[in-house]
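A.B. asks: Just to be clear, the model below is a prediction. Sequence and coordinates:
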Amino acid sequence: MVAYLPLKEITFYSLEMNEQRLNKECLRDSLEEQICLIFGLKRDREYFLSFNNALSPNLFHCIVACVDNFTQYITKETTFLTNPIFLTQAFLPNDKDFNVFILADCISPLEFGIIVYYQESIVFLDILEHKKIMESLDKIEQEITKDFHLWCGSDNLRQGLKGYINREIGLVDVYTQELNLLNHPKVLNFITTKESTPFWRQNIGKLVLVSAVGMFLGMGYPLALEFLTLLEKRHNEDLKKQIQLQQLEYQRYSGNEKDFKALSEKYFELQEKIAFNETYLQKFMPKQSFMVFFTKARESLEKNNIKIAYFHYSQDAYEMLLMGEYTLEFIEFLEQKGLGVLEALEPISSFYFVRLKSW
């Protein structure tokens with residue numbers, strides 16, 4: 001015997017998860033936890049969750065149903081429990097990306113579900129009253145597709161819906177093919193789903209797991225404290241040995257303190273003599289050389305296409321006759337590089353006479 005869940009037991013939500021919140025190793029549990037928080041669902045219950053990210057890698061379209069509520073729709077004769085939402089997958093055309101199915105609820109005929117498929121994945125599901133169905137269909141027709149299909153178990157209601165909607169609708173009469181549909185691989189049987197639920201995800205399994213963890217922690221806590229105490233004792237003994245070694249080192253250092261002081265004074269005396277000699281030699285060495293000048297100025301000469309028609313170098317100045325459109329930029333470059341300070345600049349025909357005082 002086949003039983004159908006009403007649409008009110010199905011919850012749909014498109015959940016966007018960024019890379020930081022996305023736990024790929026436990027993706028199903030992460031999505032279920034987020035949806036329970038959003039809708040205020042109880043975490044001590046068992047839920048069915050189907051999801052896909054057909055439109056975007058981080059956008060998950062989720063269908064959720066509380067498994068604990070299924071028992072009220074099952075009798076002893078029930079062998080198959082599903083929802084028409086999952087029957088529609090058997091009627092998807094292969095030549096179109098987007099398809100829309102309109103479902104009439106099996107239990108409350110005035111409630112309807114509108115399902116939007118992208119290829120074989122459900123990317124939108126809306127459950128609404130018949131008064132609002134036209135508004136939703138108009139929006140889908142403008143933004144997504146004009147390909148609509150109708151699923152309805154009542155002949156009279158089906159014909160009335162076609163006249164009310166006033167569109168070209170592909171009529172899907174599932175009831176005439178019900179036996180074949182139940183064998184379709186994509187039609188879900190929630191009775192099977194519940195029976196095959198792993199033990200650790202059932203409420204009793206979770207209770208046993210928590211009890212086992214609590215027992216393990218209760219027995220392991222005293223042992224852990226004893227082990228930590230032993231480590232602390234060993235650490236204290238190591239500290240005592242280090243203190244003794246440091247005391248011996250200090251005694252050796254004290255014995256050689258006089259020698260160290262004498263060597264330190266000799267060292268500082270030599271440092272003062274080296275500094276004095278360097279200062280004295282600087283008086284007889286030129287501050288810049290023409291080789292240093294050309295080494296640092298070469299890059300700017302080539303970049304600004306500057307030609308040097310005349311060059312003279314003395315101990316404290318450079319004199320040049322420059323030719324080029326970017327002569328002023330070149331002079332600024334020389335000052336930035338620390339090659340000198342501009343003392344004179346005089347244009348002569350197409351040349352510039354420049355005098356730089358060397359630093």
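C.D. replies: Great, that's in hand. Note that the structure is predicted; figures quoted are calculated from it, not measured. Numbers count the residues shown, from 1 in each chain.

A.B. asks: Which residue ranges of the chain form strands?
C.D. replies: Per DSSP state E, the chain carries strands over the ranges 2-4, 11-16, 47-56, 59-66, 80-82, 98-104, 111-118, 121-129, 148-151, 169-172, 307-313, 317-323, 341-348, 351-357.

A.B. asks: Could you take the ones you listed and lay them out as JSON lines, with extra columns for distance to residue 220, mean pLDDT and mean neighbour count?
C.D. replies: In short, each C-beta sits where N, CA and C put it, glycine included. Listed next are the strands of the chain as JSON lines, based on distance: least, C-beta to C-beta, whole Å; pLDDT from 0 to 100; neighbours: other C-beta atoms under 10 Å:
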{"stretch": "strand 2-4", "distance to residue 220": "48", "mean pLDDT": "81", "mean neighbour count": "16"}
{"stretch": "strand 11-16", "distance to residue 220": "38", "mean pLDDT": "90", "mean neighbour count": "16"}
{"stretch": "strand 47-56", "distance to residue 220": "33", "mean pLDDT": "89", "mean neighbour count": "16"}
{"stretch": "strand 59-66", "distance to residue 220": "37", "mean pLDDT": "92", "mean neighbour count": "19"}
{"stretch": "strand 80-82", "distance to residue 220": "44", "mean pLDDT": "85", "mean neighbour count": "19"}
{"stretch": "strand 98-104", "distance to residue 220": "54", "mean pLDDT": "85", "mean neighbour count": "22"}
{"stretch": "strand 111-118", "distance to residue 220": "51", "mean pLDDT": "88", "mean neighbour count": "21"}
{"stretch": "strand 121-129", "distance to residue 220": "47", "mean pLDDT": "87", "mean neighbour count": "17"}
{"stretch": "strand 148-151", "distance to residue 220": "57", "mean pLDDT": "80", "mean neighbour count": "20"}
{"stretch": "strand 169-172", "distance to residue 220": "60", "mean pLDDT": "63", "mean neighbour count": "15"}
{"stretch": "strand 307-313", "distance to residue 220": "84", "mean pLDDT": "87", "mean neighbour count": "13"}
{"stretch": "strand 317-323", "distance to residue 220": "82", "mean pLDDT": "87", "mean neighbour count": "18"}
{"stretch": "strand 341-348", "distance to residue 220": "78", "mean pLDDT": "88", "mean neighbour count": "12"}
{"stretch": "strand 351-357", "distance to residue 220": "81", "mean pLDDT": "89", "mean neighbour count": "18"}
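
A.B. asks: Nearest to residue 214, out of these?
C.D. replies: strand 47-56 (25.1 Å; C-beta to C-beta).

A.B. asks: Give me the helices and strands touching the closest one, please.
C.D. replies: Judged by 3 or more C-beta pairs under 8 Å, 6 or more residues apart in numbering; DSSP states H and E, strand 47-56 is in contact with helix 27-39, strand 59-66, strand 121-129.

A.B. asks: These: which one's closest to residue 238?
C.D. replies: helix 27-39 (44.8 Å).

A.B. asks: So for that closest one, what gets flagged as buried?
C.D. replies: Within helix 27-39, the residues that qualify as buried are 30, 31, 32, 34, 35, counting by 16 or more other C-beta atoms under 10 Å.

A.B. asks: any idea of the angle that helix forms with strand 47-56?
C.D. replies: Orientation check (axes from the mean of the first three to the mean of the last three C-alpha atoms, to 10 degrees): helix 27-39 against strand 47-56 gives 100 degrees.

A.B. asks: now, which of the buried residues of helix 27-39 sits nearest residue 270?
C.D. replies: residue 30 (69.8 Å).
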